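Participant: When you get a sec, could you give me coordinates for this:
(2 chains)
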There are 2 protein chains.
Amino acid sequence: MTEKNEKPNIPTKPLAGFMELLPAEQIAFDRMKETICASFERFGFVPLDTPTIERAEVLSAKAGGETEKQIYAFKKGENDLALRFDLTVPLARYVAEYNRELTFPFRRYAIGKVYRGESPQKGRFREFYQCDADVIGNGELAIANDAELLSLVYDIFSRLDIGRFVIRISNRKLISGLSESLALGDKTTDVLRAIDKLEKVGEGRVRAELTDAGISADAVGKLLAFVGISGTNDDMLGELAALEIPGDLFAKGVEELSEVVAYLRELGVPEDAFAIDLSIARGLDYYTGTVFETKMADDRIAGSVCSGGRYDNLAESFSSQKMPGMGISIGLTRLFSQLESAELVQKETKTVTKALVVPLVSDMTVPFKIASLLRAANVPTEVYLEENKMKNKLAYADKLGIPYVVLVGEDEIAADAYTLKDMRSGEQKQVPLDDLPENILV
Amino acid sequence: MTEKNEKPNIPTKPLAGFMELLPAEQIAFDRMKETICASFERFGFVPLDTPTIERAEVLSAKAGGETEKQIYAFKKGENDLALRFDLTVPLARYVAEYNRELTFPFRRYAIGKVYRGESPQKGRFREFYQCDADVIGNGELAIANDAELLSLVYDIFSRLDIGRFVIRISNRKLISGLSESLALGDKTTDVLRAIDKLEKVGEGRVRAELTDAGISADAVGKLLAFVGISGTNDDMLGELAALEIPGDLFAKGVEELSEVVAYLRELGVPEDAFAIDLSIARGLDYYTGTVFETKMADDRIAGSVCSGGRYDNLAESFSSQKMPGMGISIGLTRLFSQLESAELVQKETKTVTKALVVPLVSDMTVPFKIASLLRAANVPTEVYLEENKMKNKLAYADKLGIPYVVLVGEDEIAADAYTLKDMRSGEQKQVPLDDLPENILV
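Facilitator: Now for the predicted structure:
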């Protein structure tokens, strides 16, 4: 027998793989999102917000492989629907649909939730934020864009101020050109996919995978020797030029990579913030030129925190127009979760409030007047409206980390000057009404 | 026979009932969202972002009726999942789950997408933004909170600057108390639901619905006469006090409504921005006191643009703690769509960019240096990187509405002073490098 007032047994925990934050963490997360957003806008990218739900066929046109299996798909009435798994496929559909209304090069950013049915494990999320910026050309797009977007990555991670990082850069035409020169042109996709796993699974397993793909031991050796080349950026560029690998594709790759490096220097990206790394291949099939990953120096932040690259024909599934693009993408939920685990998240406050008005009288006329004045001066303000002991009202400010309290008692009202208490130092002083905002905004 | 290069026949239009905007509209939409967000924070509400996907049982615990049928539900593996249909049910689950970690009164705002499978028609969306602010007490919550949240509604709609509006306010205890005094206590829910439709379907149909519910003609007459009472706010309060309807509930309703009106005046909300309207009942079952709707004076904006009210026990499905709250909710997607139809959306620009650097040289060193300088000064800046005629480069700025162009030619580089062109006035002048930011930020 259940009692009438027993609470229903509905679980209140969020689902596994879904991030949910307490206020202090949420504020820190939102500040990171705002920093990224501000950088995107400073570089002249416009906001775009496409629906979270797409026709299933739109997503499966571009998914393929692992991603396809991870799609959240469902029916509503007659429609086969699915939740977007990235922000790039919706962008491809968007530029195909609105091609004539848009001005190219089209620069857009998008910050939104995407969904993948990954098996939940540490650092893997089923719902997560991606923060993307892409520039799309109509027909053509200058290589300087690749460098400019990499400098945007540098700008963002410098401003996020979460530690040292290196943007590792390559160009897919290098491995593709090398594969062609080894008569492996039909196996380029296999080669790129195998090499993409190098850091994760190690050389032995990549060697096995390449061998399984029918590539000779000699060719495998050459490929692995190639991606292992190391040195300063200038050393690497010199070595690439000296390799004398035949074919236009490889030469084009060297040229593009050299241009990107030169532009990065002109853009003021410091030499220790980027590194040519020939093992960077990226898993997705649509990249055709520049590819990059961003690695934090702190090894508690595993994997790439920002990746992307150049694609020659983003919207080919949706349009006959050729639209080359270059994009960057930050997986913010995963990054935040790793920063949180490493205790690197700055959680200064549990509230956005800067001033708590504490009435010591029952008439709210003056407390509300003070709150209105402070809010008009853009001071985030609360009034403690509940009946409670003075001690408990101050404890509320203390628990949330509200920096200032304005006490409103009979004496204060008579003098029209109020006790302003700095909760961090404990100091308090009498401040005339009109001077309150400037005393809090300091 | 299909040709190899024929484009696949995948529709690129967004699904019916899903809003998708071009850049100028998206920028205007985002500015509205930012205005709302800034007001929420100015009133000391903290951001909260819960998952879009919930366990189906969490949502059906609170849905019921029409809403339940509209839920987007699906299975992933073994899990019955659903997309949230509002931001209130996830809040109820959240406060139940994190009760011990939160500080009460808990003030949170949430701006996010919600989903309802409505039949798509003008002004009805299946995916739409809600912008909510709620304050939740632990056990108790002072009535002054109701007034403060209504003053937040006033603050937001004043700042949105989309025309005159009136916040129409009532208190559910009035109709509930009146129903009890007419011995209709068991039919209160029917009465509230019928009266909620008054403006939409007219008095005749509400009369029929009440009669069908088994209410006598005499009682129906009294209910309809009651909700038809009109006059100034003070007239209405006087009349309510004079009605002498027996029972504590009605008296409590009059007292709460009088207090809310008094507090609104103390909060500086002007008399013509709010009106007591006894026909405001709200459809949802969980309201127990103050209820309100916000109506734009411009009748091209139909329905309520911001509604909400007081609930005594938000989390009752999830927790045995009593948590009364007061909340407001703006359906931003629908509001934006109506403003757009009425041509009331300010679409000033198709970009956030304030300065376009136009290189007349092929070396990007100086153009990039200028862009970095402007960006460091928080001027959103683009560099025109494509090869193109001067005329076309300027046309790009013109089409997007970029206000300033910085021309970088050989002469400019030699003098280290650049031609700054004001695209609106057509005026141009030579400006030394370091003075560029201040000449654009004006």
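Participant: where does the stretch 1-150 of chain A have low pLDDT?
Facilitator: In the predicted model of the stretch 1-150 of chain A, residues A:1-8, A:62-66, A:120, A:122 satisfy pLDDT under 70.
Participant: In it, mark out all the strands, start to finish.
Facilitator: Taking DSSP state E, counting those that start in this stretch to define them, one finds strands in the stretch 1-150 of chain A at A:46-47, A:53-55, A:73-76, A:79-83, A:106-115, A:127-136.
Participant: What residues does the stretch 101-250 of chain A have near chain B?
Facilitator: Applying C-beta under 8 Å from any C-beta of the partner chain, one finds that the stretch 101-250 of chain A approaches chain B through A:101-103, A:105, A:107-108, A:113, A:115, A:117, A:126-127, A:137, A:140-142, A:144-145, A:148, A:155. Yep, even glycine has a C-beta here, placed from its N, CA and C like the rest.
Participant: Which ones among those lie within helices?
Facilitator: Members of these lying in helices (criterion: DSSP state H): A:Ala144, A:Asn145, A:Glu148, A:Asp155.
Participant: Include neighbour count when you put these into JSON lines, please.
Facilitator: Formatted as JSON lines, these follow (neighbours: other C-beta atoms under 10 Å in any protein chain shown):
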{"residue": "A:Ala144", "neighbour count": "22"}
{"residue": "A:Asn145", "neighbour count": "25"}
{"residue": "A:Glu148", "neighbour count": "25"}
{"residue": "A:Asp155", "neighbour count": "23"}
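Participant: Looking at the residues you listed, which is nearest B:Ile276?
Facilitator: Taking C-beta to C-beta as the measure, A:Asp155 is the one of those closest to B:Ile276, at 53.4 Å.
Participant: Ignoring the adjacent residues along the chain, who's closest to that closest one?
Facilitator: A:Ser39 (5.0 Å; C-beta to C-beta, 6 or more residues apart in numbering or on different chains).
Participant: Could you tell me which residues make contact with the one you found?
Facilitator: For A:Ser39, the contact set (C-beta atoms under 8 Å, 6 or more residues apart in numbering or on different chains) comprises A:Leu152, A:Asp155, A:Ile156, A:Arg159.
Participant: ok, and the most crowded of those residues?
Facilitator: In terms of neighbour count, A:Ile156 stands highest of those at 26 neighbours, by other C-beta atoms under 10 Å in any protein chain shown.
Participant: gap between it and A:Gly308?
Facilitator: The spacing between A:Ile156 and A:Gly308, counted by C-beta to C-beta, to the nearest Å, is 12 Å.
Participant: Would you mind listing what in the stretch 301-442 of chain A touches chain B?
Facilitator: Applying C-beta under 8 Å from any C-beta, we find that the stretch 301-442 of chain A lies next to chain B at A:316-320, A:350-353, A:364-365, A:368-369, A:372, A:375, A:378-383, A:385-387, A:396, A:399-400.
Participant: Rebuild the strands of the stretch 1-150 of chain A as a markdown table, extending it with mean neighbour count.
Facilitator: Shown next, in a markdown table, are those (neighbours: other C-beta under 10 Å):
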| stretch | mean neighbour count |
| --- | --- |
| strand A:46-47 | 22 |
| strand A:53-55 | 23 |
| strand A:73-76 | 16 |
| strand A:79-83 | 19 |
| strand A:106-115 | 23 |
| strand A:127-136 | 24 |
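Participant: Which one of the ones you listed lies nearest to A:Thr189?
Facilitator: For those, the distance to A:Thr189 is smallest for strand A:127-136, at 22.8 Å, taking C-beta to C-beta.
Participant: between that closest one and strand A:79-83, what angle do the directions make?
Facilitator: 90 degrees (axes from the mean of the first three to the mean of the last three C-alpha atoms, to 10 degrees).
Participant: Done for today, thanks.
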